[in-house]
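1. Next come a sequence and a model predicted from it.
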Amino acid sequence: MVDHAISINDLHVSYHGNEAVKGISLSVDAGNLVGIIGPNGAGKSTFLKAMLNLIPRDKGEVKVLGKSIKDVRKNIAYVPQRNDIDWDFPITVIDAVLLGTYPHLKPFRRPKKQEKAWALQCLERVGMQDFSKRQIGELSGGQQQRVFLARALAQQADLFFLDEPFVGVDVSSEETIVNILKELCQQGKTVIVVHHDLSKANDYFHQLILLNKELVGFGPVKDVFKPEIIERAYKGQFAFMNEMGVSL
């Protein structure tokens with residue numbers, strides 16, 4: 001039996017000789033919705049990508065479901081930041097979602113009727129079934145993010161990693177996405193989300209990873225989302241957050 005969904009030990013990452021993530025160690029149990037928060041430049045996206053082996057690590061070990069990333073890749077779904085995606089690429093909504101079925105197909109096999117039916121179910125779950133023939137670049141930001149969540153759902157993964165999924169999306173899309181992420185956790189899935197809006201932390205997450213290059217806090221939201229802990233990460237930005245009405 002696997003003790004933790006994710007285990008990280010002494011993770012370090014550098015860019016051009018500058019350390020972006022320093023010595024992070026933590027473990028996440030299955031079924032949790034975890035927010036990665038911290039000020040701009042804190043290394044949130046870097047940390048997420050390093051966990052997934054998408055960028056090189058200086059040192060450190062990451063285990064997912066007790067194994068290395070490469071051994072469980074098909075069990076991991078990743079939704080990148082919207083600005084990392086080429087929205088001019090000539091692909092329709094349904095074909096984008098079908099990409100999520102490929103990890104479970106045999107070599108050289110293309111999606112067939114069964115996979116297309118499943119992809120449509122995933123689109124229906126995010127409320128985008130009526131847009132299946134559209135080119136993804138024709139959609140609004142919120143619609144695009146729903147489509148990429150549908151692609152992740154189509155993968156039938158055990159772990160979901162989302163990098164800033166709520167940037168540039170409308171309120172309705174954000175609510176849809178959050179509700180689906182909560183449903184996934186109720187099914188025993190583990191969800192990790194890079195997030196910047198502290199005002200939503202209490203409502204959205206079970207646990208928080210608070211970063212400022214180093215690990216400032218980790219645990220249940222009520223234990224991390226405290227003024228003295230948030231101030232250590234945000235420093236000079238703390239007074240500004242109070243003025244903006246962020247409730248701690």
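-> Yes, it's here.
2. which residues of this protein score low on pLDDT?
-> By pLDDT under 70, the weakly predicted segments of the chain are 1-2, 106, 108, 236-248.
3. So what's the gap between the helix or strand where Tyr78 lies and the chain middle?
-> Taking DSSP states H and E as the definition, Tyr78 sits inside strand 76-79. Distance of strand 76-79 from its chain centroid, counting by C-alpha atoms, centre = their mean, to the nearest Å, is 7 Å.
4. which residues sit against it?
-> 52, 54, 64, 69, 100, 145, 148-149, 151-153, 155, 157-163, 165 (C-beta atoms under 8 Å, 6 or more residues apart in numbering). Using the backbone N, CA and C atoms, a C-beta is placed for each residue, glycine as well.
5. With just CA atoms, put the helix ranked longest in the chain into PDB.
-> If you go by DSSP state H, the chain has its longest helix at helix 171-186. C-alpha atoms of helix 171-186 as PDB (Å, rounded to 0.1, in the frame of the first residue of the first chain):
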ATOM      1  CA  VAL A 171     -16.600  33.600 -12.900                       C
ATOM      2  CA  SER A 172     -18.900  30.800 -14.300                       C
ATOM      3  CA  SER A 173     -15.900  28.900 -15.700                       C
ATOM      4  CA  GLU A 174     -14.000  29.200 -12.400                       C
ATOM      5  CA  GLU A 175     -16.900  27.900 -10.400                       C
ATOM      6  CA  THR A 176     -17.300  25.000 -12.900                       C
ATOM      7  CA  ILE A 177     -13.600  24.100 -12.700                       C
ATOM      8  CA  VAL A 178     -13.500  24.300  -8.900                       C
ATOM      9  CA  ASN A 179     -16.600  22.100  -8.400                       C
ATOM     10  CA  ILE A 180     -15.100  19.500 -10.700                       C
ATOM     11  CA  LEU A 181     -11.800  19.500  -8.900                       C
ATOM     12  CA  LYS A 182     -13.600  19.000  -5.600                       C
ATOM     13  CA  GLU A 183     -15.600  16.100  -7.100                       C
ATOM     14  CA  LEU A 184     -12.300  14.500  -8.200                       C
ATOM     15  CA  CYS A 185     -11.000  14.700  -4.700                       C
ATOM     16  CA  GLN A 186     -14.200  13.100  -3.400                       C
END
